[in-house]
Structures are given as C-alpha cells and as structure tokens.
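Chemist: Based on what follows, work out the 3D shape:
(chains A, B, C and D)
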There are 2 protein chains.
Amino acid sequence: MITIYDLAKKTGFSSTTVSKALNNYPDVSKKTRQAILDTAAEMGYLPNAHAQSLSTKKSWTIGVMFSEDNEIGMKHPFFSAVIESFRKHAEKEGYDLILASRNLRNRGSSYLEHFMYRGVDGIVVICSDPNDPQVQEMIDASIPIVVIDMSNQNCSVVFSDNLSGGELAINYLHSLGHTKIAHISGEPTIYAGQVRIQGYLDAMKRLNLPILDGYLVNGGMFSIEEGSQAMEKLLDLKDPPTAIFIAGDHMAIGAMEAAKKRGYKIPDDLSIIGYDDIEMASYVTPKLTTIKQDTDAIGIRATQLLMKQIIQKKKIITEEIIPVELIERESCKRLKKK
Amino acid sequence: MITIYDLAKKTGFSSTTVSKALNNYPDVSKKTRQAILDTAAEMGYLPNAHAQSLSTKKSWTIGVMFSEDNEIGMKHPFFSAVIESFRKHAEKEGYDLILASRNLRNRGSSYLEHFMYRGVDGIVVICSDPNDPQVQEMIDASIPIVVIDMSNQNCSVVFSDNLSGGELAINYLHSLGHTKIAHISGEPTIYAGQVRIQGYLDAMKRLNLPILDGYLVNGGMFSIEEGSQAMEKLLDLKDPPTAIFIAGDHMAIGAMEAAKKRGYKIPDDLSIIGYDDIEMASYVTPKLTTIKQDTDAIGIRATQLLMKQIIQKKKIITEEIIPVELIERESCKRLKKK
DNA sequence: AACATCAACGAAAGCGCTTTCGATCCAGAG
DNA sequence: CTCTGGATCGAAAGCGCTTTCGTTGATGTT
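Modeler: Predicted coordinates for the structure are as follows:
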C-alpha cells in the first residue's frame, strides 16, 4: 500500500503538500499539484478511507437497517426496490451503504451502537415496527436518520400516501358498483398496516358503506400464506363481500389462490385490489389491480432528506408523503346486478 | 465520543492496559480487566472502527458487487436471495457488508480501487459477465474474493449445477413423451446462460433428440420481456416445439404470457419448464415447473469460502457446485398422442 | 532602502487504537 | 540473601491522513 509519504519522498515535497494537492487546497501551485497528481497516478496511489475518516470524522458511509420481525430482509420486492433506489442516488453523492448486523464481533449490541462503531454519517431504516426500541434508540440519537414507511414525530420520515391509497382503492371498487367491501389488513402495529386500515375505514364512511361483521380481517405480516388464511375467514362468512381491498400484493396473491381453490372466479365472483405493485402483480392470473407505491420516488426523497441533514449537521424533522397510484388491471370487475 | 484515554484517565491505568483489557490480552489481571470493562460500560464506551482498522489493517467488512449490465441490481429475486443468505452468515462471523459504488467522491474509479480504498477484507461478486474487465481486475488482485454464478480458473467460485440442471429439465420433458424440445437461453456471454445451453445440448444429444432449426433462441438478459419475444420466435416456426426449457423463470413467465396471448394453452398445448424457482413461479397460472437453485446453500458456501481465504490470508482457487432440484408444478404435461 | 503583502510550502500535532518491548515487583528457588 | 521467572503494567512508536499555524522568499509600495 502506497501512502502520501511515498508520494512525498518521490516528488520531494512534504506530506503536507501532497495531502493538500490531493485535496485541492488553494495554497499549492498548479505546477506542484500536477506533479503530485501525476506521480500519484503513476504509483497507483489510493487514499486510505480509514485514515481519512479517523482524521476527518466523516466516513462517507450510511448504515441501513432492515426490519427484522418479518424474516424476509432484503428479499421483499418492495424493500429491495426502495433500497436499490436509495443506493443509486446515495452513490451519486459519494456514499456507500453498509448493511450492519447487531453483532459486534460476537458481543451483541444494538444497531445504533453498531452504526456508531462504524462511524456512519447517517442511517436509513426501512419498514419497521414503530415501537421497536432499536429504532427508537436511533431516532433519539443525534445522528442523521431517515425512516421509510413509518411515521414518527421526531425524525425525517418518508412513506407512501397510505391513507389516500386506501381511499383510491375503495372509491374504485365503489365506482364499479360494489358495496360489500372487505379489507384484509396488514398487522396494525406496523405503520403501513394501520394507516391503510384507516384509509379503508374513512373511505367506507364517506361513501356511507356499511362494514359488515368480520369484514376487517388482520392478515398479519403481509405474507402470501397469511393472505390465504385471511381470505378463508372472509369466505366463511355467512354474507361474504363482493370486493376486497388487500393491504399488500403478496397477501392479495395468497388470497386469490385461496378463493380460486374454493371455486370462486376472479374477478367475476370477487373483485380484488392489492397494494404495492410488486413485479409479480402483473403476471399472476388475473393480473392484479393494485395501488402502486412509487419505490423510486421514495428512495430519492429519502436520499435527499438524509443528505440535507448530513450537510446541515442537524436533524430535520419532517414527513414526506409520496403519492400512490391506482393501477387498473384485471382483478376487479363491475358488480353484476342480481 | 469517548475513547480509551477517557477510560484510562477514569480508571487510573494506562491506555495500553485499557486496550489490552478490552481485547482480552493475557497480561492484565482479572481485577483490573473487570474494573476497566465496568467503567467502559458505565461511560458508554464504543470502539472506533476506523482507528481499529487503521491500526490492525483489518476492517471486518466485505465488499459486494452486483452485476451491472442488467440494470436490476439487487431487485432480482435470485440475487437478493443469495445476498441475503450471504449477509446472514457473514454477520455471524462478525462481518458487515458494504455496497460500494465506483464513484470515489466523483473521481470515477474501478470497483477494485474502491474496495481497496475502503479496506475491505474480502469481496463477493455476484452474477457477472465473465469478461467484465472490472471483475477480472478483482480476481487478479491478491484480495480474497469469491464469485457467485460464474466460472473462473483463478479464484473461488460457487454456482449451481447448471449443466445437470439442463439435463434434469430435458430428461423430465422427455419422460413426458416430448421430443420436440426447444430452449430459450440466457445470454451466452453470461456464464449461467452458456452452461444451461450446454446442458440442453448435451441432454438432447444423449437422448438422441433432434434440435430443429430455430429451436435454440437467445433470450438475452433473462427478463420477462425478452422471454416473450423469444417465445414469439418459437411460435413463428413452421414446426414449433411441444416443450420448451427456459433458462430463467422471468423469461419463462414472459414466454407463457406470449403463448397464452396467441391462444396456446399451457400445459396442454405446450409444456414449459423454467429455471431459478423465484417466488413468483409458484403463483403464476399455471404454476411454473422449474429447476430450483438453492440460494441459501449458495450464500452459505460463498461465506465459508471467503472466510477461509481471509483467515488463511491466501486466495484459494476452487469451484463449488451446488446441486439443483426439479420442482414439479403445473406447466408441463405428458404429450398427448396424435 | 525599508516595509507590507502574498503565494507556496512544511513542521507538528492530532484522530483513536494496537503492539512491541521494557520496566517493575513479588514469589519462590537455591 | 541473591537470583530467576512470571505476572502486570506502561512508554512509545506507528497506522495514514488532515489541518493549523508558521516560515520563507518574492513581489510590490512608498
């Protein structure tokens, strides 16, 4: 490994001047700067990030934390899409992402501790339980942070407009003539789950639609499997719904499976609208009508918010709500008159 | 930020002893070690990773590089599953992952350079073009590396048994009575694409099956869209196949779409078998029969290989081939006699 | 000729930690 | 009582880089 001292020796300047040349300080002449740059290139010099960070207290890294409960980590298409967008934009600003564990060389430790240890310049946490103490701890710390897909009064957050997403769905279903509309919700302790329920409730009330007994069923952690189970419950009702708003595409797909297995035709017997617009949604049969979350915009906005905090060196508290969009495909149909 | 000097001052020992206590050196008495540990906990001491790395030349990070060509990055279910598995196991060993860009604060640079700059202890590259000079550069360097889903004579690689994957598929199709079997391949310059072609070719030869004109079509970068297009070509043939082995689930799904659009029934008119077993495969209609890659095993094996190299401080050159498995679902059917 | 100004460079301290190599002290050996 | 050896501890150098604060010499001013 070749250092600025090697460059100094070679060029005859001091290490100070070399460092300054490398960092575009104004008090080094064009000529010597060029000479230094040239021999740096020639000798294959590379700065040492650790030394730099140690000296400057800036690491040009940002830590990312995934939700833990649902074991899926980055396998979930929504999360991975958001992170990919975030990565792409953070990269442009010169930051690398570090996926940290809580495992400080086998002394267990918290995420915050781990991130502090790593000296990250900021943190992004994605889709978490709002009362996860780990997340709270990070939010309460003074380090720049942005959390995605969750609300909080004490930090920057960005999430989809879950409320109007629910409305969009319900209004659409209603416009197709449906009145008996059920909701398979996500876990209410998850922020997204809770707000989508609220959206459902609000829209139903505004439309003066009744919410029959058993029409609101908790689908849990958004998995396909749980979607199936929830659908079973709905179908067991004496007066089952004609349309269902489902808080996640995975659950919706599971639900469709279950319905088909029972002999229901979708969308003829049952209209279904999902949430997320994961890739799979376009390829199941029938193609899933859904509320699309703009993962790209979420990632971009999150990056901007984090950058701003890092630059200003102070937390900023704000909520960015990203609009959602109804994607009409094939899983909903006008209710046929009986 | 509190340092070992703070601990030293507080406990009355030297910073040397504090460091030794923290690192379990043998030449510090039980009593003082405990005292130091206690005040460390009490004062909320956290080591500084940068200082440690600078001093020890070990960073406890490993760099990950995704393939670039296909713009999908970590959005691809296969890659993200492998990386998730890798992450989980590397974490147990105390390593964090860093997703690096090539953008050294806006002086563009190579991945290798960036990883050197970051001082990673090892590199994992996943699914790449075998002749990407970036990858070659890393392989040729002396840093521990493991590459996934690609073959190479000069480093540790781990990939699925693509050859017998192809055979598995063809034999299965043949066992169902098919003889006119086509292959929609992945880009042959991608390792996985190329070997699956070979598997197809070998199996067909062994079975003494003819490969009719136009039966081998290049599906490109494994996307749904390209799968559709490839299928179109196949269907345009004067003598179209009755069964198709497709080198990736995404392509297979696209292909099914295209076939359906043309009025073909699957599996009645056309048997289709995919590759990967992505989540979506179980939920399209018909459910896709496919060759499952064991992403978990791949991640584990890759971790082990990398750890071994890091510990031994020398590259090890080896090929780990992970078995694949035929997952029988609904997209293939016995050929009906005419 | 004497002075102020400015451009270009370097000495040195500091970032937080590790590690080598002694130094010290005390128990037990001879 | 002297000597040896082991158990504890610390001084100091070093990891590679940044940054403050001077120093130097040249230029321009009166």
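Chemist: and whichever residue of the stretch 151-300 of chain A sits closest to chain B, what helix or strand is that in?
Modeler: Going by Cβ to the nearest Cβ, chain B is nearest to residue A:285 of the stretch 151-300 of chain A, at 3.7 Å. C-betas here are computed from N, CA, C, even on glycine. For residue A:285, there is no enclosing helix or strand under DSSP states H and E.
Chemist: Pull up the per-residue confidence for the residue nearest to it when sequence neighbours are not counted.
Modeler: What sits nearest to residue A:285 in space, not counting adjacent residues and going by Cβ to Cβ, 6 or more residues apart in numbering or on different chains, is residue B:285, at 3.7 Å. You'll see residue B:285 listed with a pLDDT of 89.
Chemist: ditto for residue A:337
Modeler: On the pLDDT scale, residue A:337 is placed at 67.
Chemist: So which bits of chain A are right by DNA strand C?
Modeler: Applying Cβ under 7 Å from any atom of the strand, one finds that chain A approaches DNA strand C through A:12-17, A:27-32, A:51, A:54-55.
Chemist: Please name the nearest non-neighbouring residue to residue A:245.
Modeler: residue A:169 is the one closest to residue A:245 (Cβ to Cβ, 6+ apart), at 4.4 Å.
Chemist: so what's the one you found up against?
Modeler: If you count contacts by Cβ atoms under 8 Å, 6 or more residues apart in numbering or on different chains, residue A:169 has them with A:199, A:200, A:203, A:245, A:273, A:275, A:291, A:326.
Chemist: before we move on, the earlier item: quick check: ChimeraX command selecting the buried ones in the residues of chain A next to DNA strand C.
Modeler: Buried members of the residues of chain A next to DNA strand C, defined by 16 or more other Cβ atoms under 10 Å in any protein chain shown, are picked up in ChimeraX with:
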select /A:13,17,28,32,51,54
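Chemist: how about the residues of chain A next to DNA strand C, which pair is most distant?
Modeler: Spanning the widest gap among those are A:31 and A:54, at 31.0 Å by Cβ to Cβ.
Chemist: residue ranges of the helices in the stretch 51-200 of chain A, please?
Modeler: A:77-92, A:111-118, A:133-140, A:162-175, A:191-206 (DSSP state H, counting those that start in this stretch).
Chemist: Show me what the first one is packed against.
Modeler: It refers to helix A:77-92. Contacts defined by 3 or more Cβ pairs under 8 Å, 6 or more residues apart in numbering or on different chains; DSSP states H and E place helix A:77-92 against strand A:61-66, strand A:96-99, strand A:122-126, helix A:295-312.
Chemist: Nearest approach to chain B belongs to which of those?
Modeler: strand A:96-99 (4.4 Å).
Chemist: which residues sit against the closest one?
Modeler: A:60-64, A:66, A:83, A:86-87, A:90, A:118, A:120, B:61, B:87, B:96-101, B:114, B:118.
Chemist: mind listing what it pairs with, with the direction of each?
Modeler: In the sheet, strand A:96-99 lines up against strand A:61-66 (parallel), strand B:96-99 (antiparallel) (DSSP bridges).
Chemist: Pick the most buried one from those strands.
Modeler: Among the strands paired with strand A:96-99, the stretch with the highest mean neighbour count (mean count of other Cβ atoms under 10 Å in any protein chain shown) is strand A:61-66, at a mean of 25.
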